[in-house]
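Peer 1: what would the 3D arrangement of this be:
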Amino acid sequence: RSLSQTVRVDIEKLDILLNMVGELVISKGQISEISRRLLGQEGISSFALEVQKASKMLDKRISEFQEKLVEVRMTPIGQIFDRLVRVVHKVSKDLGKEVNLLFSGEETKMDKSMVEELSDPLLHLILNALDHGLESHEDRIAKNKPTTGTIMVRADQRGNHVVIEVEDDGQGMDTEKIYEKGLRKGLVFPGKQYSQSELVKLLFLPGFSTRDKVSQISGRGVGLDVVAKNISKLSGMVDVETVLGQGTLFTLTLPITLVIIKALIVEVERETFAIPLSSVLESMILLEKEIKTIERQEVIQLREETLILVRLKALFDLKEAELSDEPVYVIVVGLVEKKMGLIVNSIKGQQEIVVKSMGEELKNVKGISGVTEIGDGKAILVLDISALIQEVTEKREEKAMGRVA
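Peer 2: As a prediction, this is how the structure comes out:
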């Protein structure tokens with residue numbers, strides 16, 4: 001007699017279990033803190049060592065339980081590909097275009113809730129490539145291209161992140177056309193030179209489209225601003241590369257899970273923050289005099305590159321930035337190729353945290369992904385590194401474009 005090796009589980013029940021594990025993680029942190037304090041007390045060192053030993057065993061067991069539970073939530077990203085194929089098949093017929101929709105990395109796994117949230121942004125990007133990117137049958141013949149266009153969707157795990165690429169072999173983006181539309185909308189300045197990256201970012205603004213006529217698919221039907229917003233909600237980033245006449249590549253970078261993560265706990269002007277460890281590349285101690293300023297932007301030389309610095313106390317208006325002779329810590333964070341250094345006062349250590357959603361008053365605060373509790377029971381904010389990098393990048397580009405004095 002054969003028995004099934006799988007069982008269907010309601011995702012809400014898994015969420016309840018994860019919340020319970022989350023409470024255990026918080027309690028574990030509190031016990032570890034008590035153990036640390038006991039070790040400093042005279043006369044009870046042997047008792048304190050026993051507590052510490054039990055605390056470490058509890059830590060190990062909870063971590064194992066937590067890892068297995070997170071594994072259960074993981075699902076292959078390929079499960080949403082079937083839906084994409086069906087929609088693209090129908091839309092390509094409506095548009096009179098021939099297309100090969102190809103996939104690789106279907107087995108790449110992410111948190112089930114994140115995979116479900118990815119379905120719409122991916123569909124937006126593919127339909128955008130089909131409608132805006134791929135040329136008509138006649139145009140492809142005139143350009144000596146295969147009459148059937150290609151849209152390739154690739155998924156790949158890189159460390160603690162998943163990178164998803166949507167690439168087409170269409171006409172690419174006409175940055176001159178984007179510039180002209182931006183000029184008419186007052187988003188760029190006449191006579192000023194802009195990089196491809198600066199111009200392409202205009203496409204992610206609400207209501208911005210280079211199409212004069214709005215079809216069922218183009219214009220407001222498939223807004224890249226919606227894609228950017230949805231990916232940002234998942235603590236991800238969107239990057240674009242395009243070559244006129246050859247095609248466009250959209251790259252999405254996302255964490256594997258947003259539920260239970262390892263974090264670096266830092267202190268800034270007596271306020272405590274959690275930085276997802278998956279985004280931390282390295283840390284260092286610097287003296288203020290080692291920090292340089294180039295075009296009103298604080299930087300340091302990190303080996304072969306110039307690293308942009310951001311003072312968290314200034315970013316969150318904790319206290320007016322004041323220079324001192326005290327050394328500071330720089331936490332180098334990054335996603336794929338984008339990096340920056342966060343200046344903090346001290347590092348308190350690493351800790352597993354459960355990220356919880358914020359109340360309505362903090363929901364729209366840029367750079368914050370949620371809240372958590374640490375060992376002493378204190379509630380602290382969890383930084384959204386992708387949002388911080390995006391905000392800093394946008395501010396620099398605005399300065400370069402002359403929109404910020």
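
Peer 1: quick one, phi psi at the residue nearest the centre of the chain?
Peer 2: Among the residues of the chain, G236 comes closest to the average C-alpha position under C-alpha atoms, centre = their mean, at 2.1 Å. Per-residue torsions, G236: phi -110, psi 180 (degrees, to the nearest 10).

Peer 1: that one touches L254, doesn't it?
Peer 2: Yes - using C-beta atoms under 8 Å, G236 is in contact with L254, at 3.8 Å. For glycine as for every other residue, the C-beta is placed from the backbone atoms N, C-alpha and C.

Peer 1: surely I141 and E135 touch.
Peer 2: No - I141 is not in contact with E135 according to C-beta under 8 Å; the separation is 9.2 Å.

Peer 1: compare the two (neighbour count), which wins?
Peer 2: E135 (18 against 12; other C-beta atoms under 10 Å).

Peer 1: need the contact list for the more buried one.
Peer 2: Neighbouring residues of E135 by C-beta atoms under 8 Å, 6 or more residues apart in numbering: 143, 145, 149, 170-171.

Peer 1: filter the residues you listed down to the buried ones.
Peer 2: Buried members of these, scored by 16 or more other C-beta atoms under 10 Å, are 145, 149, 170-171.

Peer 1: so which of those residues belong to strands?
Peer 2: Among the buried ones among the contacts of E135, DSSP state E puts G149 in strands.

Peer 1: which of the buried ones among the contacts of E135 sits closest to L281?
Peer 2: G170 (35.0 Å; C-beta to C-beta).

Peer 1: excluding chain neighbours, what is closest to that closest one?
Peer 2: Nearest in space to G170, with sequence neighbours left out and distances taken as C-beta to C-beta, 6 or more residues apart in numbering, is G133 at 3.4 Å.

Peer 1: next: D59.
Peer 2: In space, and not counting its chain neighbours, D59 is closest to K28: 5.7 Å by C-beta to C-beta, 6+ apart.

Peer 1: output the contacting helices and strands for the helix or strand that neighbour falls within.
Peer 2: Secondary structure from DSSP states H and E places K28 in helix 11-39. With contacts defined as 3 or more C-beta pairs under 8 Å, 6 or more residues apart in numbering; DSSP states H and E, the packing partners of helix 11-39 are helix 45-73, strand 260-268, strand 346-354.

Peer 1: helix or strand right after the first one?
Peer 2: This means helix 45-73. Using DSSP H and E, the helix or strand that follows helix 45-73 in sequence is strand 74-76.

Peer 1: just list what that following strand packs against, helices and strands only.
Peer 2: Here strand 74-76 touches strand 109-111, helix 112-128, going by 3+ C-beta pairs under 8 Å, 6+ apart.

Peer 1: neighbouring contacts of stretch 261-270?
Peer 2: Here stretch 261-270 makes contact (C-beta under 8 Å, 6+ apart) with 255, 272-278, 280, 283, 312-313, 316, 318-319, 329, 331, 342, 344-353, 355, 372, 374, 380, 382.

Peer 1: repeat that for 6 Å
Peer 2: Under the criterion C-beta atoms under 6 Å, 6 or more residues apart in numbering, residues 273-277, 280, 312-313, 318-319, 344-353 lie in contact with stretch 261-270.

Peer 1: same question, stretch 81-100
Peer 2: Looking at what lies outside stretch 81-100 - C-beta under 6 Å, 6+ apart - the contacts are 101, 103, 123, 126, 134, 147-150.

Peer 1: burial of the closest residue to E107 other than its chain neighbours, as a residue count?
Peer 2: In space, and not counting its chain neighbours, E107 is closest to P76: 5.2 Å by C-beta to C-beta, 6+ apart. As a burial measure, P76 scores 16 neighbours (other C-beta under 10 Å).

Peer 1: again with E107
Peer 2: 10.

Peer 1: before we move on, the earlier item: report the two of the contacts of E135 separated the most.
Peer 2: In these, two members sit farther apart than any others by C-beta to C-beta. They are K143 and G149, at 11.2 Å.

Peer 1: give the residues shared as contacts by the two.
Peer 2: Counting by C-beta under 6 Å, 6+ apart, nothing touches both K143 and G149.

Peer 1: against K366, how distant is V91?
Peer 2: Plainly put, V91 is 34 Å away from K366 if you go by C-beta to C-beta, to the nearest Å.

Peer 1: try L383
Peer 2: In this view, L383 and K366 are 11 Å apart by C-beta to C-beta.

Peer 1: who's more crowded, the two?
Peer 2: Neighbours were counted for L383 and for K366 using other C-beta under 10 Å; L383 has more, 27 against 12.
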